[in-house]
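> Pasting the sequence and the predicted coordinates here, then a few questions.
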Amino acid sequence: MPVGICRRTYCSGRQHLDVSLFDAGVLRMEFSRTCLKKVLPLADCLIPRQRCLEQWQHRKPLAGSRLKGLNCPKCLLIWATNKMRQPFSNLKAAFQHTVNTGCIAFFRRLERHLSPDTLFKVLWPVCLARATLNNLFKKTTPPPMPDFLRSPRTLQARIRQRASLYLDDVLLYFPDRLYAPKWLARCQIEGLARLAEARQRQRPVVLAFWHFGSFQINHCWLRGGHNLPVCGLVGGNSSWRTNLARLQDRLLPLPALPVALYPDELRELARFVSAGNITYIAIDAPAGKQLSVPFCDGWDFQLATGAIRLASHYQAELIPCCITNEGSWRYRIYIGQPVPSKHLAADGDWLQVGQHLLSEMLPQFRNRPHQCLDAMTRRFVKKKKRLRKKFEASYNCLHWLMDERTDRLTSIRSRPQSKFFGSAFYLLFLKLLCFLFGGVYLFFRHSRRAIGECLLRVHLAL
């Protein structure tokens, strides 16, 4: 009777089952929950072919009468573990849903009975203790960045920055109440007329933001406080969105519109943008295609081109924006000048688009460098120093050698009795010799780029 081999393997900590079926040939069937990276066989056992097909191909659970076919104890343990995993997963999801619902109800009741200042004073010690526990034993190395953006990276500064982010997340529990006068007065918006003008012309808007300040609640102020149709484009997969985030999404105004879209929801994104709404997307994300833009002397900034490509494809207004935290739940949103439409055309220069976006936000970065988060500062790249000054002395030395060779060759050519030194072979020999010594000298002193450029100059000089 043909049999199949059922073995249990693991892939990145998740179970992987591999079934190989043999019947007049080899038919291989694999069922995996994740991509294979490392396959570690743990157990092998023989199961009748019909039972393998019934269990894995049709994905029917084994009945009690079929347990006799599982001769291997390890395979029986695998089956029992899989049977018990689903109830525990359902129990865990139900518990998380209950806890999240209770947290939302708790914070909303606090906000209803307390003023913003009192609520801030009540929650600040809790957030500070949580930030202390998370940062007490962490040693972080700040990424390289320009000098004017450097801020003290002491333990106290990191704790206060993390506690401030925790307090910002509290506003996500009641975003539908930010339109109230007690909250709306705490957020000043500069450049709101630019969004209104674009909406009057029925043009979609792409808001390009940086990981700067309280970026995670910017869409809440625009949508909850000013009733603007804002949706964020988030990296990853839509299945990764947590239960708490989905519960918080229901609290925002305009429930018919999505709050966050993912790369696997491109059709929904196309419908949302085409309707003339506002898309909130990060310009300093590490994923996707990148564009290197000069930032300041000696530094470049790596911009993600997703916002630029989205605005160019749908002929939308590309507007930079950022939000700064002024303390005690007081914020200021700055909406910059839109990028000129000619730069977003099919033949436009995206480098000028990047320079426009950075120039609009550079004053905000200079005024509050301590609010530049690591996700943003990691995008700075130090420019390579110009190599011309480095190998200028070497080039002058080689140029002197070439002048000496020319003088020597002229004097040798004046001798009628020397036939070898006046031939083309001698010129080729001197040229190769100059290339050899010059290349070896530059190899130990400069980079490969300097070698190539210097040898090219010598070749042109010859």
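Perfect, I can see it now.

> So what touches stretch 187-197?
Stretch 187-197 is contacted by residues 178, 205, 221, 225-226, 228, 278, 319, 321, 330-338 when judged by C-beta atoms under 8 Å, 6 or more residues apart in numbering. Using the backbone N, CA and C atoms, a C-beta is placed for each residue, glycine as well.

> Oh, that last question was meant for stretch 112-131, not what I typed.
Taking C-beta under 8 Å, 6+ apart as the rule, stretch 112-131 contacts 110-111, 159-160, 162-164, 166-167, 170, 182-183, 186, 328-329.

> coming back round to it: please indicate which of the contacts of stretch 187-197 are buried?
Among the contacts of stretch 187-197, those scoring as buried are 178, 205, 221, 225-226, 228, 278, 319, 321, 331-336, 338 (criterion: 16 or more other C-beta atoms under 10 Å).

> can you confirm Arg366 is in a helix?
Yes: applying DSSP: H, G, I helix; E, B strand; the rest coil, one finds Arg366 inside a helix.

> so what's it up against?
Arg366 sits next to Phe148, Leu149 when contact means C-beta under 8 Å, 6+ apart.

> so where do the strands sit in this protein?
Along the chain, the stretches classed as strands by DSSP state E are 3-11, 14-22, 26-32, 43-48, 187-190, 205-213, 230-233, 260-261, 278-282, 290-296, 299-304, 317-325, 331-335, 380-382.

> Name the residues of the last one that come out as buried.
Translated: strand 380-382. Buried-residue list, strand 380-382, by 16+ other C-beta under 10 Å: Phe380.

> Give the pairing partners of it; include direction for each.
strand 299-304 (antiparallel) (DSSP bridges).

> residues in contact with the strand it pairs with?
145-146, 282-295, 354, 357-358, 379-383.

> just the buried members of these?
145-146, 282-285, 290-291, 293, 295, 354, 357-358, 379-380.

> Contacts only, for Trp210.
For Trp210, counting by C-beta under 8 Å, 6+ apart, the contacting residues are Ala282, Ile283, Asp284, Cys322, Met361, Met376.

> Report the contact partners of the last one.
Right, the one you point to is Met376. Trp210, His211, Phe212, Asp284.

> would you turn those into CSV with distance to Thr132 and pLDDT?
Formatted as CSV, these follow (distance: C-beta to C-beta, whole Å; pLDDT from 0 to 100):
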residue, distance to Thr132, pLDDT
Trp210, 27, 91
His211, 23, 92
Phe212, 24, 92
Asp284, 28, 89
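
> Next, give me the two most distant ones among those.
The span of those, defined through C-beta to C-beta, is set by Phe212 and Asp284 at 8.6 Å.

> what does the model give Ser274 for pLDDT?
With respect to pLDDT, Ser274 scores 91.

> i'd like the first residue to be 5 from this point on
Okay, using 5 as the starting number, the last item reads as Ser278.

> For it, the count of nearby residues, please.
Neighbour count of Ser278, defined by other C-beta atoms under 10 Å: 11.

> contacting residues around the residue nearest to Thr328 when sequence neighbours are not counted?
If the residues on either side of it in the chain are set aside, Thr328 comes closest to Gly217, at 4.5 Å by C-beta to C-beta, 6 or more residues apart in numbering. By C-beta under 8 Å, 6+ apart, the contact set of Gly217 is Cys326, Ile327, Thr328, Asn329, Tyr335, Arg372, Gln375.

> Between those, which sits nearest Leu258?
Closest to Leu258, out of all of the contacts of Gly217 and judged by C-beta to C-beta, is Ile327, at 20.0 Å.

> In the sheet, which residues pair with the closest one? Tell me.
Residues in beta-bridge contact with Ile327 (DSSP bridges): Gly217, Ile337.

> Report pLDDT for it.
pLDDT, Ile327: 94.

> Just to check, it is in contact with Cys224?
No: assessed by C-beta atoms under 8 Å, Ile327 is found out of contact with Cys224, at 10.1 Å.

> Looking at those two now, which is surrounded by more residues?
Using other C-beta under 10 Å as the criterion, Ile327 and Cys224 rank with Ile327 on top: 26 against 23.

> quick one: Arg336 and Cys300, what's the gap?
24 Å (C-beta to C-beta, to the nearest Å).

> What count of nearby residues applies to the closest residue to Lys293 other than its chain neighbours?
What sits nearest to Lys293 in space, not counting adjacent residues and going by C-beta to C-beta, 6+ apart, is Thr309, at 4.6 Å. By other C-beta under 10 Å, 17 other residues sit near Thr309.

> I'd assumed Gly292 was in contact with Thr309.
Yes: between Thr309 and Gly292 there is a contact at 6.7 Å, judged by C-beta under 8 Å.

> quick one on the thing from earlier: show me the common contact partners of Ile327 and Cys224, please.
The contact sets of Ile327 and Cys224 do not overlap (C-beta under 8 Å, 6+ apart).

> Tally up the residues packed near Arg227, please.
For Arg227, using other C-beta under 10 Å, the count is 24.

> Isn't it up against Asp253?
No: using C-beta under 8 Å, Arg227 makes no contact with Asp253, being 10.5 Å away.

> list residues touching both of those two?
Shared contacts of Arg227 and Asp253 (C-beta under 8 Å, 6+ apart): Val263.

> ok, back up a step: return the member of the contacts of Gly217 nearest to Leu137.
The closest of these, once distances to Leu137 are taken by C-beta to C-beta, is Asn329, at 21.8 Å.

> what sits against the closest residue to the closest one other than its chain neighbours?
Spatial nearest neighbour of Asn329, excluding adjacent residues (C-beta to C-beta, 6+ apart): Ser218 at 4.8 Å. Neighbour list for Ser218: Ser168, Leu169, Asp172, Ile327, Thr328, Asn329, Tyr335 [criterion: C-beta under 8 Å, 6+ apart].

> Please apply the same query to Ile312.
Per C-beta under 8 Å, 6+ apart, neighbours of Ile312: Leu295, Leu322, Leu348, Trp354, Val357, Gly358.

> do Leu251 as well
Counting by C-beta under 8 Å, 6+ apart, Leu251 has contacts His101, Asn104, Thr105, Ile108.

> In PyMOL, select just the buried ones from those.
In PyMOL syntax, the buried subset of these is picked out as below (16+ other C-beta under 10 Å):
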select buried, resi 104+108
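
> could the contacts of Leu251 go into JSON lines alongside distance to Thr246?
Formatted as JSON lines, the contacts of Leu251 follow (distance: C-beta to C-beta, whole Å):
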{"residue": "His101", "distance to Thr246": "11"}
{"residue": "Asn104", "distance to Thr246": "8"}
{"residue": "Thr105", "distance to Thr246": "13"}
{"residue": "Ile108", "distance to Thr246": "13"}
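
> between the contacts of Leu251, which is closest to Leu159?
For the contacts of Leu251, the nearest to Leu159 is Asn104 (31.0 Å; C-beta to C-beta).
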